[in-house]
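1. turn this into a model:
(2 chains)
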Amino acid sequence: MPSENLAITWRRMPERYRLVGTECQNCKTAYFPARKLCPKCRRKGRIVPRQFSGRGKIYSYTEVFAGPSGFELEVPYLLAIVELEEGPRLTAQIVGVSEKDVKIGDEVEMVFRRIQEDSAEGLIHYGYKFRMRRRG
Amino acid sequence: MAVAVGIAGYGACVPKYRIKAAEIARVWGEDGARIEKGLGVFEKSVPDIDEDAATLAVEAARNAIELGRISPQAIGALYVGSESHPYAVKPTATIVAEAIGAGPALTAADLEFACKAGTAGIQICMGLVGCGMVRYGMAIGSDTSQGKPGDALEYTASAGAAAFIIGREKEEFVAEIEDTFSFTTDTPDFWRRQHAEFPSHGGRFTGAPAYFRHVIGATQGLFEKMGTRASDYDYFVFHQPNGKFPLEAAKKMGIDPEKVKPGLFTPLIGNTYSAASPIGLCGVLDIAKPGQRILLTSFGSGAGSDSFSIRVSEGIVEKRGGYKGWRLSDYIAHKEYLDYALYAKHRRKLKSL
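-> As a prediction, this is how the structure comes out:
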């Protein structure tokens, strides 16, 4: 597994660990991953960090049977486009359920999980995945 | 105690997967019913492929913050106790701090003392909070423990986490920690050497000179220090390596077993090691009424016990009532069984993994 540059991993920790993206205070558009420039407001935009709630719903999903290296133990797994309640969409694994338990529109919440490790002696990468929201 | 310190928030986490003791017994040619009866354990939790002591600690910590309504930025100290830290060198505590949005104005460290590293963290936080060095301290016990395949430990070694926010503002307490007492000796009942995959233990030696001597020593030491007795407490939470030891310890001290059972979760989730007695405390805090008293005694092999006298505060009603996250009872009810083959894959017990 090719390992990611340490500085990049480190820089993305707030985003991966607790869903810190950005928001343009001018047009109130939320961005995840973080953007440095608001494409709508351009130079009038005022970008500030924003932590997302971690709640959202499944916009679309697929089941992965042939995953990339490092995910051999997890196949088959669910990969979804999750629409956060603040608006942005992101791609993430859905954990703890199988394909038959999931449908588009289901409510999900962010969990903190291991994503992959560089090697037996390498860095462990953590980040967001999602699970079905608790009923009731 | 010179200054009142208490629990301002608490949270637990138990993985979704379970394996039954009878399924493990089937593989090793043992009698499942005899094992269940002998250990008092029917099933144990198994972490998912992508869960480890750090991820469980993060989830418990987030639950504690939500219940306690404490800003992560106000946490000045964070300790994670575990015997299964994901790294040999690189703290779990920094991963947790980053994931909950605490720091960088924060002191943090990992602790290890077999099954009592979580309560050791509570004591350190009590000291730091009590003397005014930090406003809030967070202590977490988290483990994904491993038993050697076929060993008696394999029936119980499980995974879970519990987190506590320790503070000193009385109106924020869900429970006040009235006092603490520890009992520590060099007793080689259980250990794991550097680079060893699985722990070794002294079999029957883990009972009388280890578990019972320390649990009873710490509990009675706390009674003596405070001038209290068993009848002053409504609940007792003891370290629970199996379903039997805590009830036996209670019997030896003349404690009503009905006061132990509400905080005894090992029969359903196994021994969560550093999280075992802390999870028991979470379960009791979920049901206790203001004014009730809880005695918590952990045990860590090697060996030592920490006892705590805890009085439930009025504030628990509002914090518990407003909490929308996962409770211990949700984690226990939300389960899926694995057979031994899938369990071996989850715990990477196969040589190629």
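
2. low-confidence stretches in the chain?
-> If you meant another chain, say so; for now it's chain A. A:1-2, A:135-136 (pLDDT under 70).

3. look at chain B instead
-> B:1.

4. pretty sure residue B:70 sits against residue B:166.
-> No - in this structure, residue B:70 is not within contact of residue B:166 by Cβ atoms under 8 Å, at 10.4 Å. For the C-beta atoms, the positions are set from N, CA and C on the backbone; glycine is no exception.

5. which bits of chain B sit near chain A?
-> B:16, B:48-52, B:54-55, B:58-59, B:62, B:86-87, B:95, B:98-101, B:326, B:330, B:334, B:336, B:345, B:348, B:353 (Cβ under 8 Å from any Cβ of the partner chain).

6. what about 6 Å?
-> With the criterion set to Cβ under 6 Å from any Cβ of the partner chain, chain B comes near chain A through B:16, B:49-50, B:55, B:58, B:86, B:98-99, B:101.

7. of residue B:70 and residue B:166, which one has the most company?
-> residue B:166 (29 against 19; other Cβ atoms under 10 Å in any protein chain shown).

8. using the three-state scheme, assign the more buried one.
-> Following DSSP: H, G, I helix; E, B strand; the rest coil, we place residue B:166 in the strand state.

9. the closest residue to it other than its chain neighbours: helix or strand, and which one exactly?
-> Nearest residue to residue B:166, sequence neighbours excluded (Cβ to Cβ, 6 or more residues apart in numbering or on different chains): residue B:125, at 3.9 Å. Remark: residue B:125 resides in helix B:117-130, with elements defined by DSSP states H and E.

10. likewise residue A:33?
-> Using DSSP H and E, residue A:33 falls outside every helix and strand.

11. and for the one 5 residues further on?
-> Using DSSP H and E, residue A:38 is not contained in any helix or strand.

12. so which bits of chain A are right by chain B?
-> So chain A meets chain B at A:13, A:17-18, A:73-74, A:96, A:112-114, A:124 (Cβ under 6 Å from any Cβ).

13. how about those, which pair is most distant?
-> Across the residues of chain A next to chain B, no pair lies farther apart than A:18 and A:73, at 25.5 Å, counting by Cβ to Cβ.

14. ok, the residues of chain B next to chain A vs residue A:23, which is closest?
-> When those are compared against residue A:23 (criterion: Cβ to Cβ), the nearest one is residue B:101, at 16.5 Å.

15. ok, and the closest non-adjacent residue to the closest one?
-> Leaving out its chain neighbours, residue B:101 is closest to residue B:72 (Cβ to Cβ, 6+ apart), at 4.4 Å.

16. need the contact list for residue B:301.
-> B:114, B:189-190 (Cβ atoms under 6 Å, 6 or more residues apart in numbering or on different chains).

17. quick one, helices of the chain?
-> Picked chain A for this. Ranges of helices in chain A, per DSSP state H, are A:6-11, A:13-18.

18. ah, no, chain B please
-> B:21-27, B:32-39, B:53-68, B:92-100, B:117-130, B:213-226, B:245-252, B:266-269, B:276-285, B:316-322, B:328-333, B:340-346.

19. could you report the neighbour count for residue A:109?
-> Around residue A:109 there are 16 residues (other Cβ under 10 Å).

20. quick check: it vs residue A:36, distance?
-> Residue A:109 sits 28 Å away from residue A:36 when distances are taken as Cβ to Cβ, to the nearest Å.

21. what's the domain layout of chain B?
-> B:5-173+B:316-346, B:179-312 (automatic domain parsing).

22. now those in a markdown table, with distance to residue A:63?
-> Shown next, in a markdown table, are the domains of chain B (distance: least, Cβ to Cβ, whole Å):
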| stretch | distance to residue A:63 |
| --- | --- |
| domain B:5-173+B:316-346 | 16 |
| domain B:179-312 | 29 |
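
23. quick one, which of the ones you listed is nearest to residue A:80?
-> Within those, the stretch nearest residue A:80 is domain B:5-173+B:316-346; the backing value is 15.4 Å (Cβ to Cβ).

24. and that closest one, end to end?
-> With Cα to Cα, to the nearest Å as the measure, domain B:5-173+B:316-346 spans 40 Å from end to end.

25. try stretch B:61-74
-> Using Cα to Cα, the two ends of stretch B:61-74 sit 14 Å apart.

26. residues in contact with that stretch?
-> Here stretch B:61-74 makes contact (Cβ under 6 Å, 6+ apart) with B:8-11, B:96, B:100-102, B:135-136, B:163, B:165, B:319, B:323, B:325.

27. any buried residues in stretch B:188-205, and which?
-> By neighbour count on 16 or more other Cβ atoms under 10 Å in any protein chain shown, the buried set for stretch B:188-205 is B:189-190, B:192, B:198-199, B:201.
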